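Participant: below is the sequence, then the predicted model.
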Amino acid sequence: MTTWQNNRAARDARIAAGAGLAHGKVVEAHDATRLLEAVIRPGDRVCLEGDNQKQADLLSRALLAVDLSRISDLHMVQSGVVLPEHLDLFDRGVAKRLDYAYSGPQSARIARMLFGGKIELGAVHTYLELFARYFIDLTPQVALIAAVSADREGNLYTGPNTEDTPTVVEATAFKDGIVIAQVNEIVETVPRVDIPADRVHFIVKSDKPFFVEPLFTRDPAAITEGQILTAMLAIKGIYAPYGVQRLNHGIGFSTAAIELLLPTFGERLGLKGRIATHFALNPHPALIPAIESGWVRQIHSFGSEVGMDDYIRARSDVYFTGPDGSLRSNRAFCQSAGLYACDMFIGSTLQIDLRGNSSTVTTSRIAGFGGAPNMGADARGRRHPSEPWLKAGAEADPDGAALMRRGRKLVVQIGETFGDKNVPLFVERLDALELAEKLNLELAPIMIYGDDVTHIVTEEGVANLLLCRTAQEREQAIRGVAGYTDVGRRRDHGMVAHLRERGVIRRPEDIGINPLDADRSLLAARSIKDLVRWSGGLYAPPSKFRNW
Amino acid sequence: MEDLRFQHRVRARAGGTRRSAIVGVVASGNLEVLVERILPDAECAVDIKTAAIGFGEVWTAVIGDFVERYSPGGLKFSINDGGARPDTVSLRLAQAVRLIAENGQ
Amino acid sequence: MTAPLKDITPAERARSTSFYEASARTRLELLLDAGSLIEFIGPEQREVSPHLKIFDLPEQFDDGIVVGRGRLDGSPVFAAAQEGRFMGGAFGEVHGAKLTGLLRAARQIGSIPVLILFDTGGVRLQEANAGELAIAEIMRAVMEARSAGVKVIGLIGGRSGCYGGGGLIAGCCSALAVSEPGRIAVSGPEVIETNRGVEEFDSRDRALVWRTMGGKHRRLLGAADVFADDNVQDFREAALELLGLVGPFGLDALKAEQERLADRLRRFGACSDAVDIWTTEGIAHAETVPELPADQFIALADRIGRTSRDAR
């Protein structure tokens, strides 16, 4: 006779195996490895949270210490490969296969391990893509998650960094998987319930708070004149003419410069209320002056940022907060918001080729994708109109019938023509291709495909790729803003001049900007201390950003 | 270190009366430009000492564009470069021209 | 965007210019009366370091220090400003000689004060012997100038702080003004960590670095007499205030300084952290001192009342 509840039975057996180590759901930290040995089976799909910021670090260490005769060859499915332990698992043989999205701090080591065959790579995903697969073909059998606090029943408070947790738990708990949470403390009543207790099977109390990296803090003191110039070009050359109100900013110094120019340069242009009012964005400290000046109406966040808790709590008109007053973030929802409800993505990259394809992969580093590809992609499922979306669509297809014409999301790459150590931003061929060949990948890791990119902004000007009608025009438009890089110097000067006449390329003087005006005195805040002042003392930056 | 020297014939004399001016600082990714009004009106010279070796072609392009755009006749530019990017070089040169165009010594 | 800058008064411009961020030359131009700075051995003379070439390192035309004369509220002053971004503002042979020469000129004239805008990590590694000698010569020149009746005021608020030999020279000055981001010490954070271990001093803990060496702590200890907000106008006013405060220099002052320092050691020698010192000073909630805004902090420092005014 066919049985239809094998997975449920298996789950119950695992819970029973772990129950001996628990008082109720609570397991002591020193028993964490024994708990994992009891509930995990060789070859399991395991999500070890593993977010952009929040890390289940105690459970990572516990998993690394398991008896290899009991657990091996796990298939890790997690968005962030961030801690050294995440890769130690593969070195030790606890894990074998990996599907992930982002590996920022481990980008060099993960590249070495992929080359060395230590990791069997499924794929590098975008966030939404990986989350989607959690519900189709990469559903975890075990999820090891992190939360701030739990009550005895197992209700979890994730704190401001909710991030991936609800998505991971949803996929695991409702498909007969096991959910184990590490928490900083066990309390009588949690401040709010982010994860209901019936989805949580075990709780491990950690001896110290889980690790959170301040990833979204850019010190205004490090913003250069070049970045200020590109920011001015973006505001006056793109935000203003399209009237971009709903948007996402990638992380970087150019976008931080934009945020800090809104209350100064933007104010003088009379743009307040007309641009940059609604964001899908982490709580960037650099946006504080714009918020305080009344520019920003609403922000939904993927995660939080270290030091911003009190500020967010005090500005609940702007941020999404729970009944307890603290930020509620959610990566899956915010990514969807960025994809469908924003009219623009603007961000930086490491390499752009002649077709506008961009990548952050270099031959020795695989940083993964994170959120940029979801934000920086035209949403083909979008149906609601908006002024910037329709205007961009009309530029791309001026002869199309207005009622039948799709709009276009503005996908803007912003950067200086040369990056750190004089490495050129523009290349004939992406390093990602070389990497794909070396690793025999079926698909090169492209961060944003060229056909999604609408504008490129550099200190030399703005290239509007929507107005290009041929591949050749597109190439020359890109060369025309590529400055003194090899790509830029090999431009067809006649064609670039023609593209400028048509407004495809616009120089600073065409936009009414004198590069000599790009001065740090334009920044609404020139230091972290200035941001603290703007926040009325509510922003509490981590020690590494202080000079007081 | 690499030494480079460029000389150009230019259309017009640079504005202002100041004898000299200096902008920038020698640091990683930065440079200083000392500009002096000591050449005949139709000449311009740029002397460069740079920490980044092998970028002569890029310097040629940057200086060529700069001279074409600003026509800095009568000026000698002396550059100490800590490996600045071309866009920073262009910016400092433009700042130097603006500063020496002010009236004064 | 630049037009409004040209319309504002020099004082407004100095008020809106961060001392920490400004270049050495900009600091001097805005600190002194407008247009009064006359530079000695300026960049066009190209008195560059004779040593850096050997190490294949780039030179700077003024060797990282601007020296000259100018006016402060109408009265003549000599002034020197180190460029903290060129080799960390470190002392080399030429750099040091320019400051020594300025101090000797001041000694000869006897009545014109000297302002030193420190911004230095200490001695330049590539010309260590010449740099160390320069420090000794400058310290001697400071003391000789002061003996001749010259007031020597140190202003500290740059990104490289005032470390190494710079810290020693600062200790020889008649008086110091410091801002919150300014730091004064001899051994830098990394040096301490390297020699004594991370348990003794974690150089990456920037809050620790600043509460140990930063402007607020130096002001509370009385090592600096005036606390300036981080803008050039505030430093200008601080310099003027200090020039009015500095008393005569001689053996009595030195003895008083010795006693001041000995007393400081007696009171605070057992403290392991700046917060302990502040608590010992009777400051309630001493741990919040780093967060205090400038006006509240100045009121607090004035109340504590520690200065080196009658000593040094």
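Facilitator: The structure has been received and is ready for your questions.
Participant: just say helix, strand or coil for residue C:199.
Facilitator: For residue C:199, the assignment made with DSSP: H, G, I helix; E, B strand; the rest coil gives coil.
Participant: residue 75: how many residues sit nearby?
Facilitator: No chain specified, so I'll use chain A. Residues lying near residue A:75 (other C-beta atoms under 10 Å in any protein chain shown) number 19. To be clear about C-beta, it is placed using only N, CA and C from the backbone, and glycine gets the same treatment.
Participant: right idea, wrong chain: chain C
Facilitator: Per other C-beta under 10 Å, the neighbour tally for residue C:75 reads 13.
Participant: where does it fall, phi/psi-wise?
Facilitator: Note on residue C:75: backbone dihedrals following degrees, to the nearest 10 are phi -100, psi 150.
Participant: and for residue C:40?
Facilitator: The phi/psi pair for residue C:40 (degrees, to the nearest 10) is phi -100, psi 140.
Participant: so for stretch A:468-487, first residue to last residue, what's the gap.
Facilitator: With C-alpha to C-alpha, to the nearest Å as the measure, stretch A:468-487 spans 18 Å from end to end.
Participant: and the contacts of that stretch?
Facilitator: A:352, A:354-356, A:417-418, A:424-428, A:450, A:456-465, A:488, A:490-492, A:495-496, A:499-500, A:504-505, B:58, B:61-62, B:86-87 (C-beta atoms under 8 Å, 6 or more residues apart in numbering or on different chains).
Participant: how about stretch A:374-383?
Facilitator: Contacts of stretch A:374-383 (C-beta under 8 Å, 6+ apart): A:126-129, A:248, A:250, A:280, A:335, A:338-340, A:342, A:345, A:347, A:389, A:406-409, A:411, A:447-449, A:452-453.
Participant: hmm, try it at 7 Å
Facilitator: With C-beta atoms under 7 Å, 6 or more residues apart in numbering or on different chains as the test, stretch A:374-383 has contacts from A:126-128, A:248, A:335, A:338-340, A:345, A:347, A:408-409, A:411, A:448, A:452.
Participant: pLDDT of that stretch, averaged?
Facilitator: Mean per-residue pLDDT for stretch A:374-383: 95.
Participant: so which of the contacts of stretch A:374-383 sit within helices?
Facilitator: A:127-128, A:335, A:338-340 (DSSP state H).
Participant: nearest to chain C, out of those residues: which one, please.
Facilitator: For those, the minimum distance to chain C (C-beta to the nearest C-beta) is 30.9 Å, reached by residue A:127.
Participant: give me the neighbour count for residue A:6.
Facilitator: So residue A:6, with other C-beta under 10 Å, has 10 neighbours.
Participant: pLDDT at it, what is it?
Facilitator: 96.
Participant: gap between it and chain C?
Facilitator: 52 Å (C-beta to the nearest C-beta, to the nearest Å).
Participant: over to residue A:298?
Facilitator: Distance from residue A:298 to chain C, by C-beta to the nearest C-beta: 30 Å.
Participant: who's that residue bridged to?
Facilitator: For residue A:298, the beta-bridge partners are residue A:278 (DSSP bridges).
Participant: what's the neighbour count on it?
Facilitator: 13.
Participant: so for residue C:4, what's the pLDDT?
Facilitator: Value for residue C:4, per-residue pLDDT: 48.
Participant: hang on, I meant residue A:364
Facilitator: In this model, residue A:364 carries a pLDDT of 80.
Participant: find the centremost residue of the chain, please.
Facilitator: All of this refers to chain A. residue A:371 (3.6 Å; C-alpha atoms, centre = their mean).
Participant: sorry, I should have been clearer: chain B.
Facilitator: Note: chain B centre (C-alpha atoms, centre = their mean) maps to residue B:77, 4.1 Å.
Participant: my read is that it contacts residue B:33, right?
Facilitator: Yes - with contacts counted by C-beta atoms under 7 Å, residue B:77 reaches residue B:33, the gap being 5.8 Å.
Participant: identify the contacts common to these two.
Facilitator: B:93, B:96.
Participant: around chain A, which positions in chain B sit nearby?
Facilitator: B:52, B:58, B:61-62, B:83, B:85-88, B:91, B:94-95, B:98 (C-beta under 7 Å from any C-beta of the partner chain).
Participant: get me the contact residues on the stretch 1-150 of chain C for chain B.
Facilitator: So far as C-beta under 7 Å from any C-beta goes, the stretch 1-150 of chain C lies against chain B at C:23, C:43-44, C:56, C:58-61, C:83, C:85-86.
Participant: give me the buried entries from those residues.
Facilitator: C:23, C:43-44, C:58-61, C:83, C:85-86 (16 or more other C-beta atoms under 10 Å in any protein chain shown).
Participant: ok so, going back, next one: the residue nearest to the centre of chain A relative to residue A:358, how far apart?
Facilitator: According to C-beta to C-beta, to the nearest Å, residue A:371 and residue A:358 sit 14 Å apart.
Participant: thinking again about what came up before, please type out the ChimeraX selection for whichever of the contacts of stretch A:374-383 turn out to be buried.
Facilitator: Only the buried entries of the contacts of stretch A:374-383 go into this ChimeraX selection, using 16+ other C-beta under 10 Å:
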select /A:126,127,128,248,335,338,339,345,347,408,409,411,448,452
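Participant: let me see the contact set for residue A:149.
Facilitator: By C-beta under 7 Å, 6+ apart, the neighbours of residue A:149 are A:157, A:183-187, A:190.
Participant: how about a cut-off of 10 Å?
Facilitator: Contacts for residue A:149 (C-beta atoms under 10 Å, 6 or more residues apart in numbering or on different chains) come out as A:155-159, A:181, A:183-187, A:189-191, A:194, A:203, A:205.
Participant: same question, residue C:199
Facilitator: Contacts of residue C:199 by C-beta under 10 Å, 6+ apart are residue C:193.
Participant: all helices of chain B, in order?
Facilitator: Going by DSSP H, chain B shows helices at B:56-70, B:86-100.
Participant: just say which of those helices is most tucked in.
Facilitator: helix B:86-100 (a mean of 22; mean count of other C-beta atoms under 10 Å in any protein chain shown).
Participant: what angle do helix B:56-70 and that one make with each other?
Facilitator: In terms of direction (axes from the mean of the first three to the mean of the last three C-alpha atoms, to 10 degrees), helix B:86-100 departs from helix B:56-70 by 40 degrees.
Participant: what's the local residue count around residue 90?
Facilitator: By default, I'm working from chain A. 22.
Participant: you answered for a different chain; I wanted chain C.
Facilitator: 26.
Participant: wait, isn't it in contact with residue C:57?
Facilitator: No - with contact defined as C-beta atoms under 10 Å, residue C:90 does not reach residue C:57; the gap is 11.8 Å.
Participant: list the contacts for the spatially closest residue to residue A:459 that is not a sequence neighbour?
Facilitator: Distances taken as C-beta to C-beta, 6 or more residues apart in numbering or on different chains place residue B:87 nearest to residue A:459, at 4.7 Å, with adjacent residues excluded. By C-beta under 10 Å, 6+ apart, residue B:87 lies in contact with A:224-226, A:229-230, A:416-418, A:458-460, A:483-484, A:515, B:62.
Participant: if anything else comes up later, I'll come back, but that's it for now.
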